[in-house]
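# model this:
(one chain, ligands or ions: 1)
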Amino acid sequence: MTDQAILDELFAVIEDRKETLPEDSYTADLFTHEKGENAVLEKLGEESTELLLAAKDDDREEIAHESADFVYHLLVLLAMKGMDLKDLRAALRERR
Ligand SMILES: N=c1c2ncn([C@@H]3O[C@H](COP(=O)(O)OP(=O)(O)OP(=O)(O)O)[C@@H](O)[C@H]3O)c2ncn1[C@@H]1O[C@H](COP(=O)(O)O)[C@@H](O)[C@H]1O
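A predicted model of the protein is given here:
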C-alpha cells in the first residue's frame with residue numbers, strides 16, 4: 001500500500017471482507033459477530049481508552065499504535081453503516 005492512499009486501500013479491504021466474509025478474517029468476524037454492531041462499538045471504546053492512556057504516558061509509539069487501532073475500527077463502523085470515507089471527508093471539508 002502507498003502511504004497516501006492507505007486509508008482508501010484499507011477501506012477497500014474492509015468492504016471486501018464485508019462482502020466475502022472469509023473465515024480467517026478479524027474484520028469478517030466483526031461483521032458477523034453475535035453482539036452485532038456492539039462488537040465494533042465496544043472495540044472503539046476500548047481503543048479510545050488505550051489511546052488516552054498512551055497519551056497520558058506521552059508514549060508516541062503507543063499513541064500511533066492505538067490511533068491506528070482506533071481508525072481501523074472506525075472504518076469498520078462506517079462500512080457497517082453503509083457509509084464510507086467520502087462521508088468522513090465531506091464532514092471534515094464542511095468545517096474548513
Ligand atoms: N488494520 C487492521 C487492524 N487494526 C487492528 N486490528 C485488530 O484489532 C484488534 C485490536 O484489539 P486489541 O486492542 O484487543 O488487540 P490486542 O491484540 O489485545 O493488542 P493491541 O493491538 O492493542 O496491541 C486486534 O485483533 C488487531 O489485529 C486490525 N485488524 C485488521 N486490520 C487490517 O484489516 C485488513 C483485513 O484484515 P483481516 O480481516 O484480518 O483479513 C488488513 O489490511 C489488516 O491489516
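
# Close to the ligand: what parts of the protein are there?
10, 13, 17, 25, 26, 27, 28, 50, 69, 72 (Cβ under 6 Å from any ligand atom). Any C-beta I mention is one placed from the backbone N, CA and C, and that applies to glycine too.

# now what about the one helix or strand the last one maps to, what contacts it?
It stands for residue 72. Using DSSP states H and E, residue 72 sits within helix 60-80. Applying Cβ atoms under 8 Å, 6 or more residues apart in numbering, the contact partners of helix 60-80 are 7, 10-11, 14-15, 18, 27, 30-31, 37, 40-41, 43-44, 47-48, 50-51, 54-55, 84-85, 87-88.

# Now, the residues of the chain next to the ligand that are in strands?
Among the residues of the chain next to the ligand, no member falls in strands (DSSP state E).

# Give me the buried subset of the contacts of helix 60-80.
7, 10-11, 14, 18, 27, 30-31, 40, 43, 47-48, 50-51, 54, 84 (16 or more other Cβ atoms under 10 Å).

# Determine which two of those are furthest apart.
18 and 54 (28.8 Å; Cβ to Cβ).

# what's the neighbour count on residue 72?
19 (other Cβ atoms under 10 Å).

# before we move on, what about residue 25?
17.

# shouldn't it be in contact with residue 17?
Yes. Contact criterion Cβ atoms under 8 Å: residue 25 and residue 17 qualify, at 5.0 Å.

# Mind pulling up the pLDDT for residue 96?
At residue 96, the model reports a pLDDT of 89.

# what does residue 3 give?
Reported pLDDT for residue 3: 77.

# tell me the SS of it?
coil (DSSP: H, G, I helix; E, B strand; the rest coil).

# Can you tell me how far it is from residue 39?
Noted for residue 3: a distance of 29 Å to residue 39, by Cβ to Cβ, to the nearest Å.

# again with residue 51
For residue 51, the distance to residue 39 - Cβ to Cβ - is 19 Å.

# What ranges does this protein have for its helices?
Secondary structure of the chain (DSSP state H): helices located at 6-20, 26-31, 38-56, 60-80, 85-94.

# now the fourth one against helix 38-56, angle please.
Inter-element angle recorded for helix 60-80 and helix 38-56: 160 degrees (by axes from the mean of the first three to the mean of the last three Cα atoms, to 10 degrees).
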